[in-house]
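J.: Predicted model, plus sequence, below.
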Amino acid sequence: MSTAATNNVPGITPHGGTLVDLLVPESQIYELKQNAVYYPSLTLTHRQLCDLELILNGGFSPLTQFMDKATYHSVVENMTLPHSDLLWPMPINLDVTKAKLDSLGLDPAAASWDKYIALRDEEHNLIAVMRVTEIYHPDREREAQAVLGTTNRLHPAVDFLIGHSGEFYIAGPLTGAQLPVHYDYTDIRRTPRQLRQIFHERGWTKIVAFQTRNPMHRAHRELTVRAAGVVEDGVPLKLLVHPVVGETKPGDVDYHTRVKCYKEIFKTYPEGIALLSLNPLAMRMGGPREALWHAILRKNFGCTHFIVGRDHAGPGDDQHGRPFYDPYAAQELAIAKQKELGVKILPFQMMVYLENKKIYCPTDEVPPGEPVANISGTKLRHLLRTGGEIPEWFTYPEVAKILRETYPPRDRQGFTVFFTGLSGSGKSTIANALNISLLEEGSRPVTLLDGDIVRTHLSSELGFSKEHRDINVKRIGYVASEITKARGIAICAPIGPYAETRKAVRQMIEGYGMGGFIEVYVSTPLEVCEKRDKKGLYVKARSGQLRGFTGIDDPYEAPEKPEITIDTSQFSVRQSLDLVLGFLKKEGYVVGK
């Protein structure tokens, strides 16, 4: 393991030998920005910005661009960069849609490409200029199977890759103008070069990195202190806690809350053994391959050792309750590839609490018959959402207090009630009744987002094509997600005919992990809806005067697992309202009388 200064940086040799730095000198920034004014612009997603930041600052060394086709195929199939045996497990691509290519003036069918585009953030800040030299169409099913080990859409990275990423990848040399702008925690956001310099100034030569996307609790603290207690060649390891604050799994605790928890728990570490620094990575939840990727990343940040725990970067269970990856598969692969990684792997068993001895220890050190306790990340998130008690043996009171401030009891959380059903099914009537009832209850602000009202005030320019209906429902979902995040109540009542769009709205709201989503399927039969038709819309649709009408010549995709189903041909408005209120009280969103 080489630790000589390389590329004017101290510490362990970066992956591939050189720490990449693609930012132009300050004297050239003005000219680069002036030239970029005349280039077509591509506004990057948050995920793409995370990847670009780590390419520009060297976190992804030796990568100097988003992957071209040859590199992509080599990584997907062999976990190596082309024309070398250098290990690289994860494809890093810039995905775009055909519509976006058209707007950039790029033809994927052209024989060759040589065009500059400006890569910008949502505020139109120039981050980098790309000279596009390649456009290719990936096999996303094959990528999912090879890299993630599955094509199951319940895996969040598979769902993104197959269902939401652009169908083309573009590549070409990058020239960096600036790193993405961050306004938060700037004192603990550090580039690889900055972190290496800190290690050098402190005299740290052997550093073990700890990766996390969750709040840290007593078990994590015990595990990391044990790792920092390892002595190698007479030198005790120092600890870098390097939590991910880019993208993680939907529903995870938000990183602002997590950073507060990290800062609080750092007060319990012995002085001089640990450093906290934030990592702008966008995780893929890729299990074994992702563990290798994380190790390479920390090597580039100057670490010589890397902790791989149980179920490292695992996305949870599939529809059958089985984990996507064996709990220790990541450890096994990382240890097998240790020489190629150039980083020493420290495998740790899961830490459990010995109830009688009131201490933590690894599962493989538990005495026979000793009672143990443990709370998984999934169980913790459930306790937070439902207002359950978090025991003091599990976490520090100060950390629990921070989590409770973000996750109050359910009767103080925001939530969205999303009514869906055919025109005339009774959605709006029940939604209005619920709106009045919750306003009377008075615990939180209530906003009614009825389909007709939204089309008047928010989507007046939209028609009724499938594309425009999707846009309308997603706009409703976005507004509802912001209301929910602010601990208000959103009541939505669009037709919402398409299952995939409703799923996207659910993900918008549940993805924050700070509120609930209740889908109410108003399943009133079509013939009843037609009889109730006050506007004559069904008559016009039947006669051909109105095209693309839901339930007549455009499909309505009924929800498969709604929280509530109501057929208003069988229930009165009062009875329907009582069904919804009863569910809300049973789940703790509303305090029952």
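T.: Good, I have the coordinates.
J.: Need the single longest helix in the protein, by residues.
T.: For the chain, the longest helix by residue count, based on DSSP state H, is helix 466-485.
J.: what's in contact with the very next helix or strand once past that one?
T.: Following helix 466-485 in sequence order, the next helix or strand is strand 489-493 (DSSP states H and E). By CB atoms under 8 Å, 6 or more residues apart in numbering, the residues outside strand 489-493 that reach it are 414-419, 427-428, 430-431, 434-435, 438, 444-451, 476-477, 479-480, 483-484, 505. For every residue, glycine as well, the C-beta is placed using N, CA and C.
J.: Just the buried ones from the residues you listed, in PyMOL syntax?
T.: Buried members of the contacts of strand 489-493, defined by 16 or more other CB atoms under 10 Å, are picked up in PyMOL with:
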select buried, resi 414+415+416+417+418+419+427+428+430+431+434+435+438+444+446+447+448+449+450+451+476+477+479+480+483+484+505
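J.: still on that earlier bit, what helices or strands is the longest helix of the chain leaning on?
T.: Counting by 3 or more CB pairs under 8 Å, 6 or more residues apart in numbering; DSSP states H and E, the packing neighbours recorded for helix 466-485 are strand 414-420, strand 446-450, helix 451-457, strand 489-493, helix 499-510, strand 515-522.
J.: Tell me the buried residues in the fifth one?
T.: It refers to helix 499-510. 501-502, 504-510.
J.: Which one of those residues is nearest to residue 227?
T.: residue 510 (33.9 Å; CB to CB).
J.: rewinding a little: C-alpha coordinates for the longest helix of the chain, PDB please?
T.: The C-alpha coordinates for helix 466-485 follow below in PDB (Å, rounded to 0.1, in the frame of the first residue of the first chain):
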ATOM      1  CA  LYS A 466     -51.700  11.600 -21.200                       C
ATOM      2  CA  GLU A 467     -48.600  13.800 -21.000                       C
ATOM      3  CA  HIS A 468     -50.600  16.800 -19.700                       C
ATOM      4  CA  ARG A 469     -52.600  14.700 -17.300                       C
ATOM      5  CA  ASP A 470     -49.400  13.300 -15.800                       C
ATOM      6  CA  ILE A 471     -48.000  16.900 -15.500                       C
ATOM      7  CA  ASN A 472     -51.100  18.100 -13.800                       C
ATOM      8  CA  VAL A 473     -51.100  15.200 -11.200                       C
ATOM      9  CA  LYS A 474     -47.400  15.600 -10.600                       C
ATOM     10  CA  ARG A 475     -47.900  19.300  -9.900                       C
ATOM     11  CA  ILE A 476     -50.600  18.400  -7.400                       C
ATOM     12  CA  GLY A 477     -48.200  15.900  -5.900                       C
ATOM     13  CA  TYR A 478     -45.400  18.400  -5.600                       C
ATOM     14  CA  VAL A 479     -47.600  21.000  -3.900                       C
ATOM     15  CA  ALA A 480     -48.900  18.300  -1.600                       C
ATOM     16  CA  SER A 481     -45.400  17.200  -0.700                       C
ATOM     17  CA  GLU A 482     -44.400  20.700   0.300                       C
ATOM     18  CA  ILE A 483     -47.500  21.000   2.400                       C
ATOM     19  CA  THR A 484     -46.800  17.600   4.000                       C
ATOM     20  CA  LYS A 485     -43.100  18.500   4.600                       C
END
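J.: between the helices and strands packed on helix 466-485, which one is nearest to residue 246?
T.: Set against residue 246 and scored by CB to CB, the helices and strands packed on helix 466-485 come closest in helix 499-510, at 17.8 Å.
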